[in-house]
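Engineer: Predicted model, plus sequence, below.
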Amino acid sequence: MGEVSTVGIDLAKSVFQVHGSGPSGAVVFRKKLRRDQVLAFFSTLPRCVVAMEACASAHYWAREIAVAGHDTRLIPPAYVKPFVKRQKNDMADAEAICEAAQRPTMRFVQGKSAQAQAAAVVFRTRDLLVRQRTQLINALRGHLTEFGYVVRQGAGHVGQLVAIVRDPTSDVPAEARPVLAVIADSLQALQAQIARLDRAIAQRAKDDAVAKRLMTVPGIGPVVATALVALAPAASTFRRGRDFAAWLGLVPRQHSSGGKERLGRTTKMGERSLRRLLILGASSATKVAARAPDKAGAWLAGMLSRKPRMLITVALANKMARIVWALMARGGSYRAPATA
């Protein structure tokens, strides 16, 4: 086997495909490996660059292969796709990963430690429980609508639906009542679990100095602040705040050509959880500013007077992202700009 400089590995559950190339780009080997053969194989290779797509289990394999002395790199799958030749299969994917890793302008994903991934579990779990709660609320609301019971939208009014199910004097049919009680019980159990996770997140925010500084930004609370600390890459990964906002997908998508700039909707790329949380925080700040324009900043008040609120919300989320990057990169706390 010749000298190997770059190896591309197509990750899977059981069977992995590896593609090795030399300094000139020539193919050195193509192999299929079972899961229990991967680490033993890379322990026999001389030190080289090992690239893989940033997908499920990629951070784990990057850590394990790095222990063998290799330089591991994660590539976004969207950046690998252009290098796939004609048919898509495991062999072609591994070759494309190897080719992409050799590009001098390729952008790589920062690897995460096991501790960093563990810190993110609480946010993933909370998102899952909130989605399940929404499904139960919609189901309970839809069933009770068929029996003539309608309440206002929002999770804050769900208690009225549960009270209707619990009330023996309500007109809910006897056959439906025990079934709806199952939904109501599940809903209350989910709310208790979400509240427990919220308390854990709030405690993290109190104990983390960076999260405390981020909470000085209007629209950023304990959940958003701790999520930024846990899910966002190091501030040194980005050259400026605009790059961080672009990574979050809070910038317009470009379709420019022939010297004409054409901007579309937001790209919605990057970490969707952080983007959603920042937009929710910006939405809250926008609502407060709309109710009390005299207390809002000059920029926000001026935007509210001439632009649609949803557009302002996304623009404010972009601004918040740039402020967050500045605080994480340079330290300090947020200070509102002085009004003229």
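Structural biologist: In hand now; what should we look at? Numbering: from 1, shown residues only.
Engineer: pLDDT score for residue 127?
Structural biologist: Looking at residue 127, its pLDDT reads 92.
Engineer: which secondary structure element contains it?
Structural biologist: Secondary structure here is read from DSSP states H and E; on that basis residue 127 sits in helix 114-145.
Engineer: any idea how far that helix is from the chain center?
Structural biologist: 15 Å (CA atoms, centre = their mean, to the nearest Å).
Engineer: Roughly how far does the residue lying farthest from the centre of the chain sit from residue 177?
Structural biologist: Among residues of the chain, the one most distant from the C-alpha centroid is residue 169; the distance is 46.0 Å, by CA atoms, centre = their mean. Per CB to CB, to the nearest Å, residue 169 is found 12 Å from residue 177. C-betas here are computed from N, CA, C, even on glycine.
Engineer: Over to residue 184?
Structural biologist: Looking at residue 184 against residue 177, where the rule is CB to CB, the gap reads 10 Å.
Engineer: and for the two, which residues touch both?
Structural biologist: In terms of CB atoms under 8 Å, 6 or more residues apart in numbering, residue 184 and residue 177 are both contacted by the residues residue 165.
Engineer: Please tell me how far the residue farthest from the centre of the chain sits from residue 163.
Structural biologist: With distances defined as CB to CB, the gap from residue 169 to residue 163 amounts to 11 Å.
Engineer: Residue 230 too?
Structural biologist: Using CB to CB, one obtains 37 Å as the distance from residue 230 to residue 163.
Engineer: In terms of neighbours, single out the busier of these two.
Structural biologist: Neighbours per residue (other CB atoms under 10 Å) separate residue 230 from residue 163, with residue 230 holding more: 23 against 12.
Engineer: That one against residue 116, yeah?
Structural biologist: Yes: using CB atoms under 8 Å, residue 230 makes contact with residue 116 at a distance of 7.1 Å.
Engineer: what's the burial count for residue 138?
Structural biologist: Here the number of neighbours of residue 138 (other CB under 10 Å) works out to 10.
Engineer: 367 is where my numbering starts, stick with that
Structural biologist: Taking 367 as the first residue, the last one we looked at is residue 504.
Engineer: so what's it up against?
Structural biologist: Contact analysis of residue 504 by CB under 8 Å, 6+ apart lists nothing.
Engineer: can you pull the pLDDT of the residue nearest the centre of the chain?
Structural biologist: The C-alpha lying nearest the average C-alpha coordinate of the chain belongs to residue 637 (CA atoms, centre = their mean; 2.9 Å). In the predicted model, residue 637 carries a pLDDT score of 82.
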